[in-house]
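based on what follows, work out the 3D shape:
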Amino acid sequence: MRVALVLSFMLLFVLMPALGFSLGFEVALTTWKPVVAGDLSYRAVTDSDTLDLDDTFDLDSPWRLSGRAKLDLPVFPNLYLMATPMDFSGTGALPAPVSFGATSFPSNTALDASLALSLYDVGLYYGIPFIGIATLGILNCDVGVNARMIDLRAEIKEVAGELKESKELFAILPLVYGSVQVYPMKHLSIELEGRGVFYGDYRILSMIGRIKVRPFFPVFVAGGYRSETIIFDYRGIDIDVRCQGPFVEAGVQW
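Below you'll find the predicted structure:
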């Protein structure tokens, strides 16, 4: 999508000069297998106009690539960038008539559904002072703020007909960020990070847990589990979805 391309260039523009004066950095390429479940509607009139994504449509769940980068900067807050593109598609039949936007789809009609959901995070954070010293380097905690950009496109269309409706939106939401890293051994760490906000009709919660092994400097490999909960009502789109599944990643940490 065009928004994803523009944001990728923006992240590169920020990263290149920042690497020159950073005290440390971490860059990782991740492959994640999210399974999506939840509800979606577009200008719903009644409750029956809500699409049950996991029950009505057999959405695929292949492994998907994402990436992240962390920069430890002097004086300024540390920087965390993460790009998570996702897309799901599948076929199903509606148990009852549904209005999606300005289009009404009859029941028992074979439909193709697609959901493109890309998440972009830009975070600023600081380490909590003295925790590392007090725990002899075993524990570290970070807190900060995070801007989450949600780029979404939803579409349903008849398999054998001409009825089709789609909706795109782009939203930026402020989140709170926090993470904990535990170092039980020299080349092993256990990490948990979360981002979230709860206000009004918005419920955004992102949780990532990973076990990281550094076989040799500066390379690391990691595996873990990620869960994304996205609930909001914005410009006619009412979405309540959860994407969760295992991931593996590899990268460098300096």
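
now do the strands in the stretch 51-200 of the chain.
For the stretch 51-200 of the chain, the strands defined by DSSP state E, counting those that start in this stretch occupy 51-52, 64-72, 78-93, 98-100, 103-105, 110-127, 139-158, 164-185, 188-199.

and the third one, what does it pack against?
Other helices and strands packing on strand 78-93, by 3 or more Cβ pairs under 8 Å, 6 or more residues apart in numbering; DSSP states H and E, are helix 2-20, helix 53-56, strand 64-72, strand 110-127, strand 139-158. No exception for glycine: its C-beta is placed from N, CA and C like everyone else's.

got those as CSV, with distance to residue 217, mean pLDDT and mean neighbour count columns?
Output for the helices and strands packed on strand 78-93, formatted as CSV (distance: least, Cβ to Cβ, whole Å; pLDDT from 0 to 100; neighbours: other Cβ atoms under 10 Å):
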stretch, distance to residue 217, mean pLDDT, mean neighbour count
helix 2-20, 18, 50, 12
helix 53-56, 43, 84, 18
strand 64-72, 16, 92, 18
strand 110-127, 21, 93, 19
strand 139-158, 18, 95, 18
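
among the ones you listed, which is nearest residue 242?
Ranking the helices and strands packed on strand 78-93 by proximity to residue 242 (Cβ to Cβ) places helix 53-56 first, at 9.3 Å.

how far out from the middle of the chain is the closest one?
20 Å (Cα atoms, centre = their mean, to the nearest Å).

try stretch 205-223
Stretch 205-223 has its C-alpha centroid displaced from the chain centroid by 17 Å (Cα atoms, centre = their mean).

so which bits of that stretch are buried?
Burial within stretch 205-223, assessed by neighbour count using 16 or more other Cβ atoms under 10 Å, is assigned to 205-206, 208-210, 212, 214, 220, 222.

so for residue 251, which of the strands of the stretch 51-200 of the chain sits nearest?
Checking the strands of the stretch 51-200 of the chain against residue 251 by Cβ to Cβ gives strand 64-72 as the closest, at 8.2 Å.

just the CA coordinates for that closest one, please, in PDB.
The C-alpha coordinates for strand 64-72 follow below in PDB (Å, rounded to 0.1, in the frame of the first residue of the first chain):
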ATOM      1  CA  ARG A  64       4.500 -12.900   7.700                       C
ATOM      2  CA  LEU A  65       7.600 -10.700   7.800                       C
ATOM      3  CA  SER A  66       7.900  -7.700  10.000                       C
ATOM      4  CA  GLY A  67      10.900  -5.600  11.300                       C
ATOM      5  CA  ARG A  68      11.900  -3.600  14.300                       C
ATOM      6  CA  ALA A  69      14.800  -1.300  15.300                       C
ATOM      7  CA  LYS A  70      15.900   0.200  18.700                       C
ATOM      8  CA  LEU A  71      18.400   3.000  19.000                       C
ATOM      9  CA  ASP A  72      20.000   4.100  22.300                       C
END
